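1. Show me the folded form of this:
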Amino acid sequence: MQAFTKHTGMQVVYNEDHVDTDRIIPARFLSRVERTGFGELLFSDVRGPNFPLDQPEAKGSDVLVVGTNFGCGSSREHAVWAIQQAGFRAVIGRIDEQTPGFSDIFRQNSANCGLLLVELPQADHQAFVAAGTGAEVTIDLGAQTATVNGQTFRFEIAETLKQQIMAGLDLIGTTMEYENEIEAFEKKWDSFAPITN
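-> Have a look, this model is predicted:
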């Protein structure tokens, strides 16, 4: 996975709420054997001349600004792959009183694949929406800040997830950091079943 520490890029605003994984990547594409080629299928069923990602000012954008409860619906890593393979490094969502910025399953899949999710309260999130597509955004994961139009906002993220993304490690990579300890344990552990008398 690609490590994420600090990134400056261009945002595209798709400020829709409750965007489900079937809108992100339609189910008919999930039977593909390869893990590549999903970027061009991102939002396949809703793309068109008026869609935010298809506007000229969105070209080259690598930060996606969405509404609340993004990635709801069925679990599919393909949704995260599609976002990443379309060139996005981070997604900024809105926290409301009743809903998180991202669904739990999408959040876990993003963590496993190294896609940074930034959740902001409504007032802070509005600054990114108001800046519009094409605005420059800087996300500093170490400082846990996101900046647009000279305004800097702090976001929360679990410390273990933060360190994992900054190191560019997935769950297996994180486990392998303890390879020496695992190997030492396996050498002294000679039974996988309890001893009975």
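2. and Leu171, what does it touch?
-> With contact taken as CB atoms under 8 Å, 6 or more residues apart in numbering, Leu171 is in contact with Asn112. (Glycine included, C-beta is placed from N, CA and C.)
3. at 10 Å what do you get?
-> By CB atoms under 10 Å, 6 or more residues apart in numbering, the contact list for Leu171 reads 108, 111-112, 164.
4. In those residues, which residue is surrounded by the most others?
-> Within those, Gln164 tops the neighbour count with 22 neighbours, counted by other CB atoms under 10 Å.
5. neighbouring contacts of the helix or strand containing Glu181?
-> Element membership of Glu181 [criterion: DSSP states H and E] is helix 179-188. If you take CB under 10 Å, 6+ apart as the criterion, helix 179-188 is touched by 175-176, 178.
6. for this structure, which residue is closest to the average position?
-> Nearest residue to the geometric centre of the chain (CA atoms, centre = their mean): Leu115, 3.3 Å.
7. about what we covered before: let me have the contacts of helix 179-188 in CSV, extended by distance to Phe4.
-> Shown next, in CSV, are the contacts of helix 179-188 (distance: CB to CB, whole Å):
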residue, distance to Phe4
Thr175, 20
Met176, 19
Tyr178, 22
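8. can you redo those as JSON lines with neighbour count?
-> Listed next are these as JSON lines, based on neighbours: other CB atoms under 10 Å:
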{"residue": "Thr175", "neighbour count": "11"}
{"residue": "Met176", "neighbour count": "12"}
{"residue": "Tyr178", "neighbour count": "11"}
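9. Assign Thr8 to helix, strand or coil.
-> strand (DSSP: H, G, I helix; E, B strand; the rest coil).
10. Likewise for Val12?
-> Using three-state DSSP, the structure places Val12 in strand.
11. Return the distance of the lowest-mean-pLDDT helix or strand in the chain from the chain's centre.
-> One helix or strand of the chain scores below all others by mean pLDDT, DSSP states H and E: helix 171-176, with a mean of 72. Computed by CA atoms, centre = their mean, to the nearest Å, the chain-centroid distance of helix 171-176 equals 18 Å.
12. Only C-alpha atoms, please: export it in CSV.
-> C-alpha atoms of helix 171-176 as CSV (Å, rounded to 0.1, in the frame of the first residue of the first chain):
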residue,chain,number,x,y,z
LEU,A,171,-3.6,-5.7,8.2
ILE,A,172,-1.1,-8.4,7.1
GLY,A,173,1.7,-5.9,6.9
THR,A,174,0.9,-4.7,10.4
THR,A,175,0.9,-8.3,11.7
MET,A,176,4.3,-8.9,10.0
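13. about what we covered before: how about the helix holding Glu181: buried residues?
-> Buried residues in helix 179-188, counted by 16 or more other CB atoms under 10 Å: none are found.
14. now it: mean pLDDT?
-> Helix 179-188 comes out with an average pLDDT of 80.
15. for the protein, what are the low-confidence residue spans?
-> Judged by pLDDT under 70, the chain has its weakly predicted residues at 190-197.
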